[in-house]
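[1] Got a predicted model here, sequence first, then my questions.
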Amino acid sequence: MRQGGKEPLGQERLLEALGASIKATVPPDQLARYGSDLMEGFRNLNLDEGELIDRLESNSFLKGRYLLAVGKTEWDSLRWSDSSISSKKDIINKADIVFVSAESVDKFHAAKQKLSSQSVNDLLLDCSDAHHYSDSGNKDRIGNSNTWIKSDPTFEGLKQIVYEPSRVSVQENQPDDKAGYQVIDRIKIQNPLILNETIQLNGNMNSIIGGRSTGKSVLLTAIAQKLKTEEPISFVNKPEYGTFVQNVSSSISVIWKDGEVNDNREIEFFQQGYMFQLATNNAKLSKLIQDILSINGKGSVLESHSTRRSELKKLISSEINDLFQGAEEIRRRQGILLDKGDKKGVEDEILRLQNKLVELDTLSLSEEERAIYDKQKLLIEESLNIRDRLFKDQQQIERLKSISLVRKDIAIEFATISDSQRNKINELYDVLSQEIETKWIGGLDSQLDEITRSIEESNRLMEQAKSDETYKKASQAYQNSAQLKEIQDLIKEQKIKLSEINSTLSEIGELQKKWNQIKESIISNHNAYFTEIDELLPQLNTSQDGLDINAVSNFSEKRYREILEGALNLQSSSSRSIAEFTYQDNDQYMQHLVSLLNSLLSGAVTLKGGYTAQSLVSSLLSECFYDVAYDLVYEDDNFKHMSDGKKAFVILKLLLDFSDKKMPDSH
C-alpha cells in the first residue's frame, strides 16, 4: 500500500497487476461491480498452505512465534465430498485455533458442538468481525466478542490456550467475577522487623514462593489472624510462634477489592497440619465431606434425611412408652383376674348352684311360668351387663376428650422457613388444628350421646322385663323362700363375677393384640433407619475432576456395644454373649435386636447401672446406629490406600474443587 506518497512496494505492484489482469477479462458494463486493482488482486490471492507453513517453520525468527487460525464460516463453505473430506479436515486440524463471530452465546456453543461431532479441531473462539464500528447494532462490530481467556493479555497468554483449552470460557459476563467484598486486593505491612510495603494480590490465585523459614506461613497465618476464620487458629504446640504471628498481624492492613479495610470479613484458612489431621480422623473427614455436599446441592437431601431420622426417633420413643404402658395395663388386668378366680371355676360354680336351685325348687309354679321367668331374668342380666360395659366406655371416652390429636411441638419444624411463608403456614396450621379439635370433640360427644341412648334403652328393657306379671309372681315366690333366695343371690354374684372376668379377658386380648402390633411397629420403624440410609447413599455420590465421593453406610458397633456393656450385668454368660455382639449385616442385626427385645420384655436379662428394661430398650431402639461415611477415590486410587502426601493433596483438592464458597482461602 502507498504510505506518505511513497511508491507502492513490490508485493503491492504484483497484487495490482493480478487485479488488473482479472478485470481485463470482465465485460466493460460489469466493471462497476469491481473494486480497485489492488483490492481485486487481494481478493483473488491464493497461497499454498503447505508452502506457507514450511516457510513459517523454516524462518528462525518466526518459528514458535505464530499461531495458525482458520475462520469457521469460511471452512464451512468448503464442500464435503469423498475426494475433499480429507483435505477439509486437514485444513482445520492443522490450525491452532478456529474463529467465529456468533450471533449469540447459544449459537457459539452449537457451532462448537458441531465441530466436536465432526471429530475436528473444536478450539473455537468467539471474535469480533470488524465490519462495523463498535456503536453499531450489527453483530459484526468492533469489540463484539464473548470470549474470555484466563491468562495475561499477551501473545504467550493466547498461545497457552492451545495446550490448556480449559482457559477459554465463552459467556456474556466475566467468569468468576467475584464481589469486591470477597476479594483481597492488597496487604499493607508496616513492621520494622519484616518490611514496610504493600503487596498487591491477584483476584484469582496467588502463590508465595520461598525457602524454608522465610516467612511464608507467618504471612498467611497473620492475615488469617487479622480476619475471621471458620476454624480457630491454634498455637498450642508453639505459643512463642503465636505471639510472633500476633505481632505481625497487628501491623498489617487488609484492603479489599471494594476499597474497604474490614477485619470482620471471613476467609477460609487451612493451617499447617490441617490436611494431615483430616486424613487421620475419619469422623472429621466425613463431617467435612458432608458439609461440602450440603453447600453443593445435596443440602436438601441431607436435611430431609435428618428430619426423617428425627421423626423416626420421636415415633419409636413414643411407641416404646406405649409398649411398656400397655404391658403394665395387661399385668394390672391379669392381677384383677387372679383376684376374681379362674373363668372355668366360676362357670362350674354357677352350674352347681343352678342345679341345686332346681333340686330345692318346690314352688308352685307352672312350667310356662318358670320359662317366662327364666327368659325375663336372662334379659335383665344381659341388659345389665351391656349397661355396665357402656358405663365403662363412657368413662374412657370422657378421658379421650382431654387428649389432643394435634402436635404442640410442631412450631420448630417451621423455624427455617422465611417469615412470609412461615406466617401463612402457621395460619393454615391454626385453622386445621382448630378444625381437627372441633371435629374430634364433636365426634366424641356424638359417641357419648349414642351411649346415653343405649344405656336408656337397656334401662327400659330391664324395667319392661321386671314389670312382667309372671316375672313378678315368680320373683316374689323366690323372695319368699329364704333358701332359694340365698341360692339365687349366689348365682347372681357369680354371674356378675363371670361377666367381669369375660370383660377383663376381652380387654386383655385387645391390649395384647395392640401390644404385639406396637412391638412389631417398633422393630419395623427401627429397621427403617437402615432403609432410609440405604436409599440416601446413591443420592450423595458425586464426582468432579477425577475425584469421586462415594457414600457408604457405617454401623457404629462401638457405640452400640458401649450401651450394652454399660447396662447389662456381665456376670452371666448370656449377658456377656449379648454384649459381645459383632455386626455382620442388617438382617443379622435385626434378628439380634428382636431376640434382645423379647428377653428384656420377659425379664430374662439382668440389668445394672440404674437401667430399666424400658430405658435400655429406648437407648437401643430409638437410636440410629447407622451413619453415613464416605470413600474418596482419585484416579482409581482409594483414599485408604494412598500415601500421606497424596491424602493431603486429595483433601486439598476436595476443599477447593467441591467448595462453592466465594471467600478468599489460603493454605
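    Right, received. Where do you want to start?

[2] alpha carbons only for contacts and neighbour counts from here, please
    Will do.

[3] Show me the shaky parts of the stretch 551-667 of the chain.
    Scanning the stretch 551-667 of the chain for pLDDT under 70 picks out 659-667.

[4] how about the helices in it?
    Using DSSP state H, counting those that start in this stretch, the helices of the stretch 551-667 of the chain run over 557-567, 573-579, 586-602, 613-621, 644-657.

[5] Minimum distance to residue 298: which of those helices has it?
    Nearest to residue 298 among the helices of the stretch 551-667 of the chain is helix 644-657 (15.4 Å), distances taken as Cα to Cα.

[6] Packed most tightly, which of the helices of the stretch 551-667 of the chain would that be?
    For the helices of the stretch 551-667 of the chain, average neighbour numbers computed from mean count of other Cα atoms under 10 Å are highest in helix 613-621, which has a mean of 18.

[7] Can you tell me what sits against it?
    Residues outside helix 613-621 that contact it (Cα atoms under 8 Å, 6 or more residues apart in numbering): 316-317, 320-321, 324, 522-523, 526, 560, 563, 567, 597, 600-601, 603, 607.

[8] Could you find the closest non-adjacent residue to residue 113?
    Of all residues not flanking residue 113 in the chain, residue 122 sits nearest, at 7.9 Å (Cα to Cα, 6 or more residues apart in numbering).

[9] now residue 47: how far from residue 67?
    For residue 47, the distance to residue 67 equals 17 Å [Cα to Cα, to the nearest Å].

[10] before we move on, what about residue 350?
    Applying Cα to Cα, the value for residue 350 to residue 67 is 115 Å.

[11] Neighbour count for these two, which is higher?
    Counted by other Cα atoms under 10 Å, residue 350 and residue 67 do not tie: residue 350 has more neighbours, with 21 against 13.

[12] and the more buried one, what pLDDT?
    You'll see residue 350 listed with a pLDDT of 86.

[13] my guess is it contacts residue 495, does it?
    Yes. Residue 350 is in contact with residue 495 according to Cα atoms under 8 Å; the separation is 7.1 Å.

[14] Would you tell me what the next helix or strand after the helix or strand hosting residue 12 is?
    Assigned by DSSP states H and E, residue 12 falls within helix 10-23. Per DSSP H and E, the first helix or strand lying C-terminal to helix 10-23 is helix 37-43.

[15] Buried residues, the helix or strand following that next one. List them.
    Note on helix 37-43: by DSSP H and E, the next helix or strand toward the C-terminus is helix 49-58. Going by neighbour count (16 or more other Cα atoms under 10 Å), the buried part of helix 49-58 is residue 56.

[16] residues in contact with helix 49-58?
    62-64.

[17] The same query, at a cut-off of 10 Å, please.
    With Cα atoms under 10 Å, 6 or more residues apart in numbering as the test, helix 49-58 has contacts from 62-66, 68, 91, 94.

[18] Find out how far the helix or strand that that helix is followed by is from the centre of the chain, if you would.
    Per DSSP H and E, the first helix or strand lying C-terminal to helix 49-58 is strand 69-71. Computed by Cα atoms, centre = their mean, to the nearest Å, the chain-centroid distance of strand 69-71 equals 49 Å.

[19] and if you look at stretch 202-220?
    Remark: stretch 202-220 is offset 38 Å from the chain centroid, using Cα atoms, centre = their mean.

[20] shaky segments in the stretch 401-550 of the chain?
    Applying pLDDT under 70 to the stretch 401-550 of the chain flags the ranges 480.

[21] Can you show me the strands along it?
    With DSSP state E, counting those that start in this stretch as the criterion, the stretch 401-550 of the chain has strands at 542-544, 547-555.

[22] Pick the most buried one from these.
    Highest mean neighbour count among these (mean count of other Cα under 10 Å): strand 547-555, with a mean of 18.

[23] What strands line up against it, and which way round?
    Counting by DSSP bridges, the strands paired with strand 547-555 are strand 542-544 (antiparallel), strand 626-634 (antiparallel).

[24] Residue 503 is nearest to which of these?
    Ranking the strands paired with strand 547-555 by their distance to residue 503 (criterion: Cα to Cα) puts strand 626-634 first, at 44.8 Å.

[25] got the buried residues for stretch 417-428?
    By 16+ other Cα under 10 Å, the buried positions in stretch 417-428 come out as residue 422.

[26] circling back: with respect to burial, which of the strands paired with strand 547-555 scores highest?
    Across the strands paired with strand 547-555, averaging neighbours per residue (mean count of other Cα under 10 Å) puts strand 626-634 on top, at a mean of 18.

[27] As PDB, could you dump the C-alpha coordinates of that strand?
    The C-alpha coordinates for strand 626-634 follow below in PDB (Å, rounded to 0.1, in the frame of the first residue of the first chain):
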ATOM      1  CA  TYR A 626     -26.100 -46.200  61.100                       C
ATOM      2  CA  ASP A 627     -24.100 -43.200  59.900                       C
ATOM      3  CA  VAL A 628     -23.000 -42.000  56.500                       C
ATOM      4  CA  ALA A 629     -19.400 -42.400  55.700                       C
ATOM      5  CA  TYR A 630     -17.500 -41.600  52.600                       C
ATOM      6  CA  ASP A 631     -15.000 -43.300  50.300                       C
ATOM      7  CA  LEU A 632     -12.700 -41.000  48.300                       C
ATOM      8  CA  VAL A 633     -11.300 -42.300  45.100                       C
ATOM      9  CA  TYR A 634      -8.900 -40.300  43.000                       C
END
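
[28] Residue 512: neighbour count?
    The number of residues packed near residue 512 is 16, by other Cα under 10 Å.

[29] Quick one: residues contacting residue 151.
    Applying Cα under 10 Å, 6+ apart to residue 151 gives the contacts 157-161, 167-168.

[30] what does residue 347 give?
    Residue 347 makes contact with 494-495, 497-498 under the criterion Cα under 10 Å, 6+ apart.

[31] Now with 8 Å, please.
    Taking Cα under 8 Å, 6+ apart, one finds residue 498 in contact with residue 347.

[32] ditto for residue 279
    Residue 279 makes contact with 285, 644, 647-648, 651, according to Cα under 8 Å, 6+ apart.

[33] can I get these in TSV with distance to residue 419?
    Formatted as TSV, the contacts of residue 279 follow (distance: Cα to Cα, whole Å):
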residue	distance to residue 419
285	35
644	48
647	44
648	43
651	38
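
[34] Residue 338 is nearest to which of the strands paired with strand 547-555?
    strand 626-634 (45.2 Å).

[35] So what angle separates the directions of the closest one and helix 557-567?
    Counting by axes from the mean of the first three to the mean of the last three Cα atoms, to 10 degrees, strand 626-634 lies at 150 degrees to helix 557-567.

[36] what's the distance between strand 626-634 and the middle of its chain?
    In terms of Cα atoms, centre = their mean, the centre of strand 626-634 is found 15 Å from the chain centre.

[37] what do you get for stretch 451-471?
    With Cα atoms, centre = their mean, you get 65 Å for stretch 451-471.

[38] Need the pLDDT of the residue nearest to residue 73 when sequence neighbours are not counted.
    Among residues not flanking residue 73 along the chain, residue 100 sits closest, at 6.8 Å (Cα to Cα, 6+ apart). Residue 100 is assigned 92 on the pLDDT scale.

[39] which residues sit in contact with residue 100?
    By Cα under 8 Å, 6+ apart, the neighbours of residue 100 are 71-73, 108, 124-127.
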